[in-house]
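Participant: Sequence plus predicted model, see below.
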Amino acid sequence: MDDSKSFELALRKQIDAKYLRPPAAGNPFVRLVAGELPRADCQEVYGGMLGSLLTFNQVLLPRLLRNAPSVSHRVELMSVIAPEWGTTGPKDAHPTFFLEFLRALGVDVSAAMMANALETPEVREEARYLRSLSQLELLARILVGETLGPKVFAVLAEALQKTYGLTPRATLYFTLHAHRDKKDADILFGIVSREARTDAEQRSVQRVIDESYDYGRYAQYGCAISDRIDYDFTRLFDRRRTTRPVARA
């Protein structure tokens, strides 16, 4: 196995291990999956995430494209980023789906609320942090974001529908990411492992991954919120590596 593939395997193991961590006491997603999270608490949790999600779209994604070192690198990233902004316009942008979910849940999504969501101390600090990262570190950060969906969003969508009677359309944000981000994560694992060439660069990537899982929504999602494991990035890598094409007669 060459060095980039060895590092890719290490990244996959690092991220898979996060979802085996015991959750903090009172983790809202553990309570949601168990059917024990009151609707008002769920509204508070997801309404509180809006500013972070908007910062992801308004700060992280543009910086990734703006700082891309080559046209080919930018094109490769666009296959991951374009759907976030909507391939046919705002109606299929991922923030649109999240706002539809919030409305169905009963959260205020007025223009004033959205503006205020970007001005909280926590969100302002997240934006400052993202602006401080190098291109390689930004790639590590988006890798964390794009691995959430395959790991936990399917079980959360089921819990949201069962507990609050939400429709499949209302939880499309979750089911879409649970499926689509499998491909996006694979693309990003490849880019990050290829671009992190030195030991120092690889340590920087792994540091940002660890930092990302230590606070905010990534800390709440990135643990064993249920006994179910929907997706294993390491096992997928191992299966691909050991599979050999069948010889044709």
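Facilitator: On my side now, so go ahead.

Participant: Mind telling me which residue is nearest the centre of the protein?
Facilitator: G145 (2.2 Å; C-alpha atoms, centre = their mean).

Participant: helices or strands up against the helix or strand hosting it?
Facilitator: Per DSSP states H and E: G145 is located in helix 135-148. Packing partners of helix 135-148 (3 or more C-beta pairs under 8 Å, 6 or more residues apart in numbering; DSSP states H and E): helix 3-18, helix 61-66, helix 172-195, helix 199-212, helix 216-221. C-betas here are computed from N, CA, C, even on glycine.

Participant: Just the CA coordinates for stretch 164-171, please, in CSV.
Facilitator: The C-alpha coordinates for stretch 164-171 follow below in CSV (Å, rounded to 0.1, in the frame of the first residue of the first chain):
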residue,chain,number,x,y,z
TYR,A,164,-42.8,14.0,15.9
GLY,A,165,-44.8,12.6,12.9
LEU,A,166,-42.6,14.4,10.4
THR,A,167,-43.0,13.4,6.7
PRO,A,168,-40.2,12.0,4.5
ARG,A,169,-40.1,15.3,2.7
ALA,A,170,-39.6,17.2,6.0
THR,A,171,-36.6,15.0,6.8
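
Participant: buried set for that stretch?
Facilitator: Residues of stretch 164-171 classed as buried: Y164, L166, A170, T171 (neighbour count, 16 or more other C-beta atoms under 10 Å).

Participant: coming back round to it: and the next element down the chain from the helix holding G145?
Facilitator: Using DSSP H and E, the next helix or strand after helix 135-148 towards the C-terminus is helix 154-164.

Participant: could you give the angle of that next one to helix 135-148?
Facilitator: 50 degrees (axes from the mean of the first three to the mean of the last three C-alpha atoms, to 10 degrees).
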